[in-house]
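In: Just to be clear, the model below is a prediction. Sequence and coordinates:
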There are 2 protein chains.
Amino acid sequence: MNLSQLAKELNLSISSVSKALRDSHEISSATKKMVMAKAKELNYQVNPFASNLRKQKSKTIALVVPEVANDFFGPVISGMESVAQQKGYHVLIYLTHEDMQKEISIIKLLQNGRVDGIMMSLSAQTTNTGHLEELKEMPLVFFDRVADHIDVPKITTDDFNSGFMATDHLIKNGCKRIAFMCISQNLSICKKRMNGYLEALKKNKIERENSLIIPCIGDHEENKDSIRKLLKRKNRPDGIFASVEKLAIATYEICEELKLKIPQDVKVICFSNAQTVALLNPSLTTITQPAYEMGEKAATILFKLIENKRDPFLLENTILDSKLIARDSTKSKRKKNQNVL
Amino acid sequence: MNLSQLAKELNLSISSVSKALRDSHEISSATKKMVMAKAKELNYQVNPFASNLRKQKSKTIALVVPEVANDFFGPVISGMESVAQQKGYHVLIYLTHEDMQKEISIIKLLQNGRVDGIMMSLSAQTTNTGHLEELKEMPLVFFDRVADHIDVPKITTDDFNSGFMATDHLIKNGCKRIAFMCISQNLSICKKRMNGYLEALKKNKIERENSLIIPCIGDHEENKDSIRKLLKRKNRPDGIFASVEKLAIATYEICEELKLKIPQDVKVICFSNAQTVALLNPSLTTITQPAYEMGEKAATILFKLIENKRDPFLLENTILDSKLIARDSTKSKRKKNQNVL
DNA sequence: GTGAAAGCGCTAACAC
DNA sequence: GTGTTAGCGCTTTCAC
């Protein structure tokens, strides 16, 4: 069923039908009604490709993320999709699996007009952003894992401050030697969290110790190895600040293996959005990001960008607040635990 | 940059260039080489809409899921996307948010040729599948939450057997009064799990008690209310079989609130793919589905269906095995715990 | 081996 | 208020 058949059924011209369907003011309301009714009856739907081709836009956006089997990106996607659905946009999803080459080829794929805009979070292995700088005309929004030097809207949480808060919380609960574990050397988000960590050490007059900054960029077993080595050192840390949930899980596993007690022997804090953290043994102190809201916000800004590329106001970064939720994994002996700091 | 500009640059006709780019045997290898080189140089990419319009297919599939903030659908998506990427397909993602009306309008949206096929898992509130039965010509694959009576390929785990195993495991560990909690009255997956539960009761000569079959179809707080009421009964159950993770979490929360000990007072088993279940307090006995593989399988079958609609062999259902992983939440006093049943 | 031309289904400028 | 028509960029049949 296409326009021409529909027009024939109605004894109207194709263009009149087309206009009627799009509620053009050129068409009398009587014919509009007629056309709408017939279209419904015959279950007519516009052909998106013909329409996209003609209009040179697609009503489709791309979402490019490192992975989705994860408690952060899940709600982000949910937030984005809600906004897109409401705006009548379609969402194409692409996973980089943390691989820069995949990221590059996905971005290449998106340069032919298939989408009107892109929302993305960088892969942990992306060392070089030439592929993104080439996206000159394409509306682009970064969220969470951003490329700082690319001048597009960015939706993040305050990672420096979160890093600071987390570290300060460990120190306040008695930690003297705190390890920082991150999943990438490249991501600005990791650098910022680390800078917050370093700043908190400095403020508390604790000397930085490079051997306590542990890159965990491998698979789960490799990361566990790194953590095992760390916790077997004579001079092992008494606090661990993990930048992602899977590293906290690995830490719990190694502590069990080495018979180290959390929080007595080691305290643990971690970025996480998992629902189960409060039920862990012991319950895990977390910094929780407003994932759903980040998704909503990123999509909202992207649509503004698509609809009005020239609004310089849009280029301002959006920084949302994360929450530190203190639980048992960082509890000190002397001090009663607070619930939300 | 389009075909006609590229052709001009090369002093060739549009059609020759088009053929050369698609490696047609009509074109000499010399010109092919030339064309390819120039296309690369000028970064030519085919316009997908023109191409789709002309070829009447889209190289795009739709994924329709209830939600994504969840440890099951995350890996499923990951599996699907891997296969799609490899086959050069694009994936549109749509969330029904468990709402039948949304599901219906999404499915309507997909009937205009935008996608070549659909993979879907039903919303919990879908009571009626007319919208899906209308998809006559559209390749369709169900996974996990399937509509039994619609004759398309289905990828599931053995839900009856899983329900049986879970219940039998509770009984073997000493439970006499087992509650079954599910998220929907409509989903066949819930019915099958329940039938497995009932069969295990029967086999063990335990009488069915309808007041122990608890629909948990509300939000988290409503579900907690139902569970609270259940566990406050004089004659409270000594075992709980939850069909999704969030219900087990709710159960843990209520047990803590009511000072009931797991597994001493109540044993808990649950379907879950979360990474954290082993670290819960106590560690949670789960039935774990092969989520990533289900995604891969569903996508693989959908592509076969798209490429060859007439292969009756494809209509066979695929049933993958779930694993029962026994942990502390179902441990009996007398009996040493097994690890994988 | 190469090119001309029709047409996928739609939109929008223009004519009446 | 309605109709005619020229493309959007591509693929493919057919002619040479």
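Out: Good, I have the coordinates.
In: so who does the residue in chain A positioned nearest to chain B touch?
Out: The nearest approach of chain A to chain B comes at A:N281, 3.3 Å away (C-beta to the nearest C-beta). To be clear about C-beta, it is placed using only N, CA and C from the backbone, and glycine gets the same treatment. Taking C-beta atoms under 8 Å, 6 or more residues apart in numbering or on different chains as the contact definition, A:N281 lies against B:L279, B:L280, B:N281, B:P282, B:S283.
In: And the residue nearest to A:A291 when sequence neighbours are not counted, how far from A:T251?
Out: Spatial nearest neighbour of A:A291, chain neighbours left out: A:P75 (3.9 Å); criterion: C-beta to C-beta, 6 or more residues apart in numbering or on different chains. Separation of A:P75 from A:T251 (C-beta to C-beta, to the nearest Å): 24 Å.
In: Neighbour count: the two, which is higher?
Out: It is A:T251, of A:P75 and A:T251, that has more neighbours when counted by other C-beta atoms under 10 Å in any protein chain shown, with 28 against 23.
In: which SSE is that one in?
Out: For A:T251, the enclosing helix or strand under DSSP states H and E is helix A:245-257.
In: Show the average pLDDT along that helix.
Out: When pLDDT is averaged over helix A:245-257, the result is 93.
In: and the helix or strand following it, which strands flank it?
Out: Using DSSP H and E, the helix or strand that follows helix A:245-257 in sequence is strand A:267-271. Looking at strand A:267-271 with DSSP bridges, its partner strands are strand A:239-242 (parallel), strand A:285-288 (parallel).
In: show me what contacts the residue lying closest to A:R228 once chain neighbours are set aside?
Out: Nearest residue to A:R228, sequence neighbours excluded (C-beta to C-beta, 6+ apart): A:I254, at 5.1 Å. For A:I254, the contact set (C-beta under 8 Å, 6+ apart) comprises A:K224, A:I227, A:R228, A:L231, A:L260.
In: Can you tell me which of those are buried?
Out: If you count burial by 16 or more other C-beta atoms under 10 Å in any protein chain shown, the buried members of the contacts of A:I254 come out as A:K224, A:I227, A:R228, A:L231.
In: my read: the last one touches A:V268, true?
Out: No: in this structure A:L231 lies outside contact range of A:V268 using C-beta atoms under 8 Å: 11.1 Å.
In: For the contacts of A:N281, which single residue is the most surrounded?
Out: For the contacts of A:N281, the largest number of neighbours (other C-beta under 10 Å) sits with B:L280, at 26 neighbours.
In: The closest residue to that one other than its chain neighbours and DNA strand D, how far apart?
Out: If you skip the residues right next to it in sequence, B:L280 has A:L279 as its closest partner in space, 4.9 Å away by C-beta to C-beta, 6+ apart. Spatial separation of A:L279 from DNA strand D under the definition C-beta to the nearest atom of the strand, to the nearest Å is 54 Å.
In: Pull the contacting residues for A:L279.
Out: Under the criterion of C-beta under 8 Å, 6+ apart, the contact partners of A:L279 comprise B:I249, B:Y252, B:E253, B:L280, B:N281.
In: cool, A:C175 as well?
Out: A:P237, A:D238, A:G239, A:K267.
In: 10 Å instead?
Out: Contact analysis of A:C175 by C-beta atoms under 10 Å, 6 or more residues apart in numbering or on different chains lists A:167, A:169, A:204, A:206, A:237-241, A:263, A:266-267, A:269, A:330, A:332.
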